[in-house]
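A.B. asks: Sequence and predicted structure below; questions after.
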Amino acid sequence: MNFRTDLIERAHWLGTRIVFPEGQDVRIAEAASRLADLGAEPILLGAADGVDPRRDPRRQRIADHLRARKPDAVRDAVHALDLAAEPLLFGAGLVALGEADCGVAGAVHSTSEVLRAALWAVGMAPDHSLLSSAFYMVLSDDRVLTFTDCAAVPEPTAEELARIALAASRDRPRLVGDEPRVAFLSFSTKGSADGPQVERVREAVSLFRDLAPGVRCDGELQADAALDGDVAERKTPGSPLSGQANILVFPNLDAGNIAYKLVHRLAGATALGPILQGLAKPLADLSRGATADDIVEVAAIATLQRGPT
């Protein structure tokens, strides 16, 4: 059994309510049909036979919730109702209020639109202060690498890099089922180069070790030292990762986004995500190029982010 098949098998489908704000998209409709066959309960917004946020009785509760969460952004009660009728905010509101267990969007809307809705309606988990993202890259040999952050934080500080790594290391055992091994990437390996960018990564490693003392990590590392045991032995002997990293923390969004697209396009890897990290409840983002298969798999990740039911 490969990872993608195992991911779907391990998901807690039975009775899981998954809201899809883009229910009119044919890829969403196909994925929802498959998920229903697995035992999930898809909630399609905007589809001909789905939920109409403008007429749904829960719209008032969602309007009140949005207004309470962000009063400065809402002019009055009528404006709140208008906002609650928007599919992204309505769907995120269902997740926030416990009317849906998780949500999946982004087939039509941009990542920034999905992130704004998630932050407004759902918000951050109590022990997380930063919304970040990860791609789960399934390689041709069925290895799975976590690439983070590739979609949310453009120029992370050292503390933000540590927080991004923390969120990824907490999701990894639940989603992949193995021990997190975190590499903080750079153009330098342990002092082979210097400068403010390198120093920021070194500081992030130190901060992460304080946040997650039980998680194996190393940095700053070049990508080959993070992933190849022979290279690691030459460049950084004694590294706790020994070239076996499975979480790659990129120094900024440029590096992360470029890397995942290159690996996806040139190496034929499957890119699952971007998976949002740190939210109080799971709301997953999709690439706008997602297929129905991708949507089913991202929905599986969102259900696993909930934890056992």
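C.D. replies: Happy to help now that I have it.
A.B. asks: Can you give the strand pairings for the helix or strand of the chain with the lowest mean pLDDT, parallel or anti for each?
C.D. replies: For the chain, scoring each helix and strand by mean pLDDT, DSSP states H and E identifies strand 270-277 as the least confident one, at a mean of 87. According to DSSP bridges, strand 270-277 has the following sheet partners: strand 132-138 (antiparallel).
A.B. asks: Could you export the strand it pairs with as PDB, CA atoms only?
C.D. replies: Extracted in PDB, the C-alpha atoms of strand 132-138 (Å, rounded to 0.1, in the frame of the first residue of the first chain):
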ATOM      1  CA  SER A 132       1.600  28.700   8.200                       C
ATOM      2  CA  SER A 133       1.400  26.000   5.500                       C
ATOM      3  CA  ALA A 134       3.000  22.900   4.300                       C
ATOM      4  CA  PHE A 135       3.100  20.700   1.200                       C
ATOM      5  CA  TYR A 136       3.300  17.000   1.700                       C
ATOM      6  CA  MET A 137       5.500  15.900  -1.200                       C
ATOM      7  CA  VAL A 138       5.000  12.300  -2.200                       C
END
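A.B. asks: pLDDT below threshold where in the stretch 151-300 of the chain?
C.D. replies: Within the stretch 151-300 of the chain, no range satisfies pLDDT under 70.
A.B. asks: Tell me if I'm right that residue 257 and residue 151 touch.
C.D. replies: Yes: Residue 257 lies in contact with residue 151 (C-beta atoms under 8 Å); the separation is 6.9 Å. Every residue, glycine included, has its C-beta placed from N, CA and C.
A.B. asks: between these two, who's got more neighbours?
C.D. replies: Neighbour count, other C-beta atoms under 10 Å: between residue 257 and residue 151, residue 151 has more, with 26 against 19.
A.B. asks: measure the more buried one to residue 6 for me?
C.D. replies: Distance of residue 151 to residue 6, given as C-beta to C-beta, to the nearest Å: 25 Å.
A.B. asks: how far away is residue 142 from residue 239?
C.D. replies: Distance from residue 142 to residue 239, by C-beta to C-beta: 24 Å.
A.B. asks: Those two: which is more packed in?
C.D. replies: Higher neighbour count among residue 142 and residue 239: residue 239, with 23 against 13, using other C-beta under 10 Å.
A.B. asks: For the residue of the chain most remote from its centre, pull up the helix or strand it's in.
C.D. replies: Distance from the centre of the chain peaks at residue 234, with 33.7 Å (C-alpha atoms, centre = their mean). Mapping residue 234 onto the secondary structure by DSSP states H and E places it in helix 229-235.
A.B. asks: residues making contact with that helix?
C.D. replies: 189-190, 192, 222, 224-226, 239, 241-244 (C-beta atoms under 8 Å, 6 or more residues apart in numbering).
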